[in-house]
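Engineer: need a structure here:
(one chain, ligands or ions: 1)
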Amino acid sequence: MVVTIDGPAGAGKSTVARELARRLGYRYLDTGAMYRAVAWRALREGVDLRDGEALAKLAERLSMTVEPDPDAPGLRVDGEDPGEALRGPEVADAASAVATVSGVRRVLVARQRALGDGGRLVAEGRDVGTVVFPESPAKFFLTAEPGVRAARRIREGKLRAETTRAMAARDRRDERRSDSPLKPAPDALVVDTSRMKPGEVVDLLASRVRERGGGGGA
Ligand code: DC
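Structural biologist: I've put the predicted structure just below:
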């Protein structure tokens, strides 16, 4: 099966998704990294972030190789490892603009679905439960209070320059875009992680996945 985890920045998706994949012996897919990769190359090549057609063409042209190991996840773009460059605030902001373009989403969603073939995958993002893998029997939506989310990003070093205000603006853009806005799937379990330890969240999700028949050979 494919397990889906959606939610805003700082809700704990990455930590929880990777640990859950480890526990279940599943692969791990960070779909946000694919949007960041398109944004990173758009910035480098000087592609206008308001030019949806050019961005969709760029997404189509880029080859992406995903390393789905939850212990060492990675993404190569045209054979190149962007490393920490994907994590900067400029790329984060550009990614949220790129993610509003339907032509980009179409290309990336098709690649994400191909990676889901064969199952045994934990996928995290903003629309993996609603759009990419709507058939998933185990969908989760992680949330946390804005103050808690900002504090986590700071601790992880991700909010070095991305201010709380920039993070809130990005979330708003993700929630309000017309194509695949951030929202829980109707059948997702919504978990507020504000006062939970990552291990507790993973326990909860893992037990739900096992209830749904995952974890063994699924
Ligand atoms: O999860 P992240 O911060 O790496 O995501 C970067 C941007 O990509 C974020 O603004 C939302 C967007 N995104 C998306 O629209 N759909 C996804 N499945 C994953 C990320």
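Engineer: looking at this, residue 169 is in a helix?
Structural biologist: Yes. Under DSSP: H, G, I helix; E, B strand; the rest coil, residue 169 falls within a helix.
Engineer: Quick check: it vs the ligand, distance?
Structural biologist: Applying Cβ to the nearest ligand atom, to the nearest Å, the value for residue 169 to the ligand is 10 Å. Every C-beta, even on glycine, is put in place using the N, C-alpha and C of the backbone.
Engineer: by contact count, what packs against the one helix or strand in the chain whose mean pLDDT sits lowest?
Structural biologist: Lowest mean confidence among the helices and strands of the chain (mean pLDDT, DSSP states H and E): helix 146-155, at a mean of 82. Using 3 or more Cβ pairs under 8 Å, 6 or more residues apart in numbering; DSSP states H and E, the elements in contact with helix 146-155 are helix 164-176.
Engineer: Residues of this structure that sit close to the ligand?
Structural biologist: Within the chain, the positions lying close to the ligand (Cβ under 6 Å from any ligand atom) are 9, 31-32, 35-36, 92, 95-96, 99, 125-128, 170, 174.
Engineer: now with 5 Å?
Structural biologist: Residues of the chain lying close to the ligand (Cβ under 5 Å from any ligand atom) are 31, 32, 35, 95, 96, 99, 125, 126, 127, 174.
Engineer: From these, list the buried ones, please.
Structural biologist: Buried by 16 or more other Cβ atoms under 10 Å: 31, 32, 35, 95, 96, 99, 125, 126, 127, 174, out of those.
Engineer: which among those gets closest to residue 67?
Structural biologist: Closest approach to residue 67 among these (Cβ to Cβ): residue 31, at 14.1 Å.
Engineer: Now do the contacts for the closest residue to that closest one other than its chain neighbours.
Structural biologist: In space, and not counting its chain neighbours, residue 31 is closest to residue 125: 3.5 Å by Cβ to Cβ, 6 or more residues apart in numbering. Residue 125 sits next to 4, 5, 6, 30, 31, 32, 112, 132 when contact means Cβ atoms under 8 Å, 6 or more residues apart in numbering.
Engineer: so the first one sits in a helix?
Structural biologist: No. Read with three-state DSSP, residue 4 is strand and lies in no helix.
Engineer: Based on its surroundings, how many neighbours for it?
Structural biologist: Residue 4 has 31 neighbours, counted by other Cβ atoms under 10 Å.
Engineer: Check the third one too.
Structural biologist: Residue crowding around residue 6 was assessed by other Cβ under 10 Å; the count is 28.
Engineer: what do you get for the fourth one?
Structural biologist: As a burial measure, the neighbour count of residue 30 was computed by other Cβ under 10 Å and equals 23.
Engineer: And the one 3 residues further on, by the same measure?
Structural biologist: Residue 33 is surrounded by 22 other residues when neighbours are defined as other Cβ under 10 Å.
Engineer: Let me know whether it touches residue 75 as I believe.
Structural biologist: Yes. In this structure, residue 33 is within contact of residue 75 by Cβ atoms under 8 Å, at 4.9 Å.
Engineer: list the residues that contact both of these two?
Structural biologist: Common neighbours of residue 33 and residue 75 (Cβ under 8 Å, 6+ apart) are residue 86.
Engineer: can you tell me which residues contact residue 149?
Structural biologist: 8, 9, 10, 11, 167.
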